[in-house]
Structure formats: structure tokens, C-alpha cells
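In: my questions are about this predicted structure, shown below with the sequence.
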Amino acid sequence: MEYFGIISYTLAALAFFAFAGVVASQLKQGGQVLVLFAALLLSSCWAGAAAYLAAGAYFESLTLEALESLRNIAWTIFLYVLLLAAAKNTRAYGMLKKLSAFIYLLIAGLVVLIIYFTLDMGFFISDRGYEYRAISHLLFAALGLFLVEQLMRQIDPDQRWAIKYLCFGLGGMFAYEFYLYGDALLFRSIDPDIWDARGMVNAFTVPLIAISASRYQKLTLHLFVSHKFAFHTTALLAGGFYLLAMGMGGYYIKVYGGSWGGVMQAVFLFGAAVVLLALLFSGAIRASIRVFLAKHFYHYRYDYREEWLKITELLSGQAEPHELQSNALRAIADIVESPAGLLWLQRDMQDYELVLNWNLPASKAQPIAGNDSMIRFLASSQWIIDLDEYANDSSAYRELRVPQWLRELSEAWLIVPLMHQSRLLGFTVLTHARAKDNLDWEIRDLLRTAGRQVAGYLALLEVSLALASARQFEAFNRLSAFVVHDLKNIVAQLSLILKNADQHKANPLFIDDALSTISHATQKMNRLLAQLRIQHSAAQNITRLKLPDIVRQVVKNRSLAEPRPVITQMDDSAQVLADKDRLAAIIEHLVQNAQEATARDGFVKLRVYTEQPAGQGQANPGLVNQGRVNRGHIKIAIEDNGCGMSEEFIRDRLFKPFETTKGNAGMGIGVYEACEFVKALGGRIEVSSRIGEGSTFLLSLPLAESKASEEVVSTPKKVNR
């Protein structure tokens, strides 16, 4: 205990100096902040001088006396400035302004007394000087207590919560001063124990003053300590005090335990360590600390930045629906430290079904109808339902009728609605919190806001699942559209045979052409059925093809229609890698379109030629497509002098599905299918046309020049048919 005075005053000096350093960053505000900084700095100097004297067991010094008097003057002026600001709009303001002359006169007199002590050292150490010093300090303490009492009396009741800790701290400091110097004046000496404890008492006032400084608006001192820092600091200090107490207990067990003292000390300390670990990892203890700090040290119990970041982190980046639902429930439960809960969501815009139970058995849970009383109440009021409050007084919830099975769930505490825009997407049922707390407006507002945030993510999940399902149907519909398109062409061919059968059925050449057309239609339908049956992709039939053979076969197939297509240019060495039947069907469809758009006396011309890339022997970056490095392209030009198309139609409608210029006779699938197939092969389609002058379709496909080129070809993507 001989070093306690040194430790006590050293801690006080460090505490005042640290707080003064924080305040120094905001001195530009002037006024009250400047006075507070001066009081803190003088208090730090005074405590440092007292610690230095305590090392030599001295209580009195002219320097210490001067610093203590200056420190008291600074704190008195600080309290008086706060009092004037608090009472500015009250009746007491005029009286306090008049009182200022007396206060400043008293302070001036005390300063003169200090100067006198300095000039006359003999009087300073005399008994009469000792009495005067003790009386002056008692007057300072009484004046300080008077100002603290007036500050609490004059402060606005709404701001009393903000200033109370400053009043507790300074009031306690001045009360201890009064006790110290009253005892010293009575017994003609300073009690060493009371003097040594004085430094620790002053150190305890610093955090109290800091709390009020960060709260009180008229002080305008912006201090911030995060909830997380305060929580961990409190837990660390509590753990330290616990270990200190357990260490002292172990010491006394060893001293007074006799022959069993050492054994009992080891067992006691081990048990204390185990208990400490259990307490540190106890959810209830941690929740209780958070509630205590929020109630007594913060204007708002939540750090909303941290809360929102935590909720966003929980809800972002989840791939599985069940995982997102679980995190959504946890995000709301963590706000009130609830350890378990249930999640209901609406299904198909009708009933609400339980989709998740977290740490809570759901054997009694039942679906809730969309027109249930509780659903109507949640949707209309968007209110948090406190089941404990409902059980005590259900009249506060108007016409709400909570289902019987939910009322029988003893763990249930809160029902939080999940509102998405104006729709009740679902709701959560939370169990009682780990630490008992009142459900005030701040908790309700945060739960309601978090419920909307969670509902937004759950609604996005709902839309994503619906979109995935819609995409599957879209793929099926696209497949159906392509099938219908091919069937339409086959039906057109067979209808043409039937139309000409009565007139030419006796003509052997007509019979041969009819049988050939029927055979071709049968083969196409068989291939179509095979693709539907085993779901072949275009990639499964990729082979090396001689393009001239395919083009000549297409021209032969379309020669029955007018105008007959003709080949004006042909590169017989051209080869491509593609599905033979699909490529032939694409070229034939484009030729058929050209014939249908052209008068009988017009023309449809086809040209097949190769185009080598610029700079033979060098890879052309522009020809790298889907992993294929092309050495050249083969061009298929289909030219006609028909009705043509406008630039607007080519740009906005030609390559979109279900867009056609044929009216009810067309489906608008063929050109779209051709474009998708050519893109899958790494090529492209270019169109040039003028209304009344005709059109030219130019198909550009990668050229397969050798076996080596086939080795670098990646399989084209699947094309739905």
C-alpha cells in the first residue's frame, strides 16, 4: 500500500492528459471547449505533481498548492459557463449573470491569496496559513457543489440525461475535496489514506465527464466511442477485476488454508479460470453487457452503421435459397439477441407456410391463411407484435387474434412483419432474448426497418427462382417454335404435292418428284423426332463438310419453286465444320425466303467463295471466336431482286424471333434460328437490302482448310431446335 498514492495520482494524471489530448483536436470551437481543455490540462499537471510528491511522502508544496488552486478555478469557471448556457432562456438567467461578479471576485481573492503565499513562505507553512489554505479549498468545494446543483436544476429535463454524468463526476470530486479538507481542518493534518485515494477518485471522474461531453449538445464536443469498443473494453475490465478478485481469494486460501492451502489454491484458481471462460462465451452475459451499455452510456442503443453492415453481409452473396432464408432470420434475431425463431413466407400469393425453423422445434406450427386476422393486422399496421404484451392486454392490438397454437408456444416473444413495398411477404417469430430488455421505440423501428430490408432480399430470391423457372419454359417454347417452323415447311411441301396431284397424277415425272419430296420430308421428320427423343445438340453432329455439295443439293431441292435459284460462283475446295442437316436447312430456308420475296420473273443467285485473312501466316485477332483461330472464311452470298427490306426492319426486327413480313404465313423463326446457328459456328450473317431493289444475305463461316485446323476447333455451343 506504500505505493498506492503514486499509482493513484499517476493514473489520474494520465487520464486527464489523455482526455485533454482528445479535446485539443476541437479547440477551434472555442468557448466551453477551451475552458474544458484548460481544466483538464491543469488537472493533469496537478495530479502529476501530486504523484511526484507522493514518492517522497510529502503532501504540501507551494507548486502543488498553486496548481491545485488553478485547477479548482478552471473547473469552477467551466461549471459556471455551462450553467449560464443551460439557464439562458429561464428566469434564473438574470440572477446568475449578477452572481458572476461575486464568483469572479471570489476567484480573484483566492488568486491574491496564492500570490501572498508565494511572497511569504513563512506564512505558507504556519498554522494560520494552513487554516487559510484549508478554508479556501473548502470554499472552492462548496462553490463547485453549488454550481453542480444549480446546473442539474436549471438544465432542460430532456438534456438532463446528457449532463448527469458530468454532474456526478465533478460533484463527487468536489464532495471528496470537501471531505478531505474538512477532515484536515478538524484534525490539523491531512489523512494519508484519504490523500492517496484522492487520485483514484479524480481518475474515475474522467470517463463520466467524457460521456457527458459527447452527449451534451450545447457543449458541442464531438466524442465518439463505438459500441463494439465499449463492449470489448467493458468485458476486458470486468475480466480483469474478476481475475484480481480470484487472485486475492487464492492468496488468502493459501495463507489460511493450513496444510491444504496450496492444493486448495490450485483447485480454486483453476475453477475460477473455467468460470471466467464460461462467462466470456456466455451469450446471455454478453447480451446483458450490451443492454447495460446501451441503456446507460449511449443516446442510441445501436450503432446503425455496424448493424446495417452486418445485415448486408449476412444477406449478400448467398447461392442457396435455404441459406439465404436462414441468414435472413438470423439478421432479425440478432438485433434483439434472440437465440431462435421461425420464418413464414407466402406461397403463390395465398397462404403463409413455415419455411424455416432455427433452433426451435416446429411441431405445432401450422399454415396461416392469407385472410387470417393476424395476417390482416400485420399487413395493415406493420406493427411488431409483442406476445407477452398481447397475453397481458390484448386490447392494445385492436382486432388481432393470434392463432391458438402460436399462443401456446411458450418461447415465442415477437412477431416481426416482412413488408415488401405494400405486400406482406412473410413474418418471423422470435423467441425471448438472452438478456431481458424493454421493447422500446428504437428496437421496434430497427426491427421494422430490418424486416423491410430482409423482405427485399427474399423477394429478390423469389423473383430469381421464378425467372429460372421461366427460362426453362422459354427454352422449351423456343424448341417448340423451331419444331413448328420445320413442320410448317414440310406441310407446305406436302400441300404443294396435293395441290398439283389432280392435274399431274398421270405424269410419271410428277410421280417421281412427289415421291422424292415425300422421301425428303420423311427423312427430315425422322431427324426431327430423333432430336426430340434424345435431345441431340448441334455439337454432337459436327463433321468436316464440303460446302459446294450442300449448296448444290439445296439448289436442286428448291428448283421446283420459281424463280429457280442459280449458282454464279463456286469454290469447289471450300470445307467447313458444321452439322450437315442443320447447315443445309439454314441455307435452304434463306433461299426459300429469297424466292418468296421475289417475283417469278426475278432471280435468286448464289455465290460461294473463300476469303483469306490479311497477312497469310499471321493470326488475325479479329478472327478469334470461341477458342477458334481461323485461317480464313468461306462466304455464301444469296442475292435476289425482290421486294427488299428497310434499314429499320433489318436493324430492329429481322433477327428477333416471331418477327415476320409474311403475315400469317410466316412465324419469324427462320432468320433468327439461322443467325443463332451461324454464331454458334463462329461465323456471322450480314444483310444488305433496299426496298424495291432486292436483298443480299451473306453468310460467313470459318474455313476448315486442313486436319490441323480441326484440332483447334472447340465444340460450338448447343443450339436448341
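Out: Right, received. Where do you want to start?
In: which residues of the stretch 601-721 of the chain fall in helices?
Out: For the stretch 601-721 of the chain, the helices defined by DSSP state H, counting those that start in this stretch cover 647-652, 670-680, 707-711.
In: just give me the longest helix of the protein.
Out: helix 441-504 (DSSP state H).
In: average pLDDT across that helix?
Out: Mean pLDDT, computed over helix 441-504, is 75.
In: output the lowest mean pLDDT helix or strand found in the chain.
Out: strand 624-625 (a mean of 38; mean pLDDT, DSSP states H and E).
In: start to end distance for stretch 636-648?
Out: Chord length of stretch 636-648, first to last residue, is 24 Å (C-alpha to C-alpha, to the nearest Å).
In: secondary structure class of the residue nearest to Gly426 when sequence neighbours are not counted, three-state.
Out: Nearest non-adjacent residue to Gly426, counting by C-beta to C-beta, 6 or more residues apart in numbering: Leu345, 3.9 Å away. Just so you know, the C-beta spots here come from the backbone N, C-alpha and C atoms, and that holds for glycine as well. When classified by DSSP: H, G, I helix; E, B strand; the rest coil, Leu345 comes out as strand.
In: pLDDT score assigned to Leu345?
Out: As predicted, Leu345 sits at a pLDDT of 89.
In: which residues sit in contact with it?
Out: Shown in contact with Leu345 (C-beta atoms under 8 Å, 6 or more residues apart in numbering): Gln325, Tyr352, Glu353, Val355, Leu418, Leu425, Gly426, Leu458.
In: among the residues you listed, the buried ones, what's the ChimeraX command?
Out: Selection of the buried residues among these in ChimeraX, burial being defined by 16 or more other C-beta atoms under 10 Å:
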select :325,352,353,355,418,425,426,458
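In: of the contacts of Leu345, which is the nearest to Gly451?
Out: Set against Gly451, the nearest of those by C-beta to C-beta is Leu418 (5.0 Å).
In: which elements pack onto the longest helix of the chain?
Out: Packing partners of helix 441-504 (3 or more C-beta pairs under 8 Å, 6 or more residues apart in numbering; DSSP states H and E): helix 304-315, helix 321-333, strand 412-420, strand 423-431, helix 508-534, helix 580-596, helix 670-680.
In: redo these as CSV? Include distance to Trp195 and mean pLDDT.
Out: Formatted as CSV, the helices and strands packed on helix 441-504 follow (distance: least, C-beta to C-beta, whole Å; pLDDT from 0 to 100):
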stretch, distance to Trp195, mean pLDDT
helix 304-315, 44, 76
helix 321-333, 53, 83
strand 412-420, 53, 89
strand 423-431, 54, 90
helix 508-534, 98, 73
helix 580-596, 101, 87
helix 670-680, 92, 80
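In: adding distance to Gln366, write these out as a markdown table.
Out: Below are the helices and strands packed on helix 441-504 laid out as a markdown table (distance: least, C-beta to C-beta, whole Å):
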| stretch | distance to Gln366 |
| --- | --- |
| helix 304-315 | 28 |
| helix 321-333 | 18 |
| strand 412-420 | 14 |
| strand 423-431 | 12 |
| helix 508-534 | 45 |
| helix 580-596 | 55 |
| helix 670-680 | 50 |
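In: of all the ones you listed, which lies closest to Ser214?
Out: helix 304-315 (16.4 Å).
In: buried stuff in the closest one?
Out: Applying 16+ other C-beta under 10 Å to helix 304-315 flags Glu307, Ile311, Leu314, Leu315 as buried.
In: could you list every residue that touches the second one?
Out: Contact criterion C-beta under 8 Å, 6+ apart gives Ala331, Ala450, Gln453, Val454 as the residues in contact with Ile311.
In: top of those residues by neighbour count?
Out: Val454 (29 neighbours; other C-beta atoms under 10 Å).
In: apart from its neighbours in sequence, what residue is nearest that residue?
Out: Nearest non-adjacent residue to Val454, counting by C-beta to C-beta, 6+ apart: Ala328, 4.5 Å away.
In: my guess is the one you found contacts Tyr457, does it?
Out: Yes - taking contacts as C-beta atoms under 8 Å, Ala328 lies within contact range of Tyr457: 6.3 Å.
In: neighbour count for those two, which is higher?
Out: Neighbour totals were compared for Ala328 and Tyr457, and Ala328 leads with 28 against 22 (other C-beta under 10 Å).
In: I'm done for today, thanks for sticking with me.
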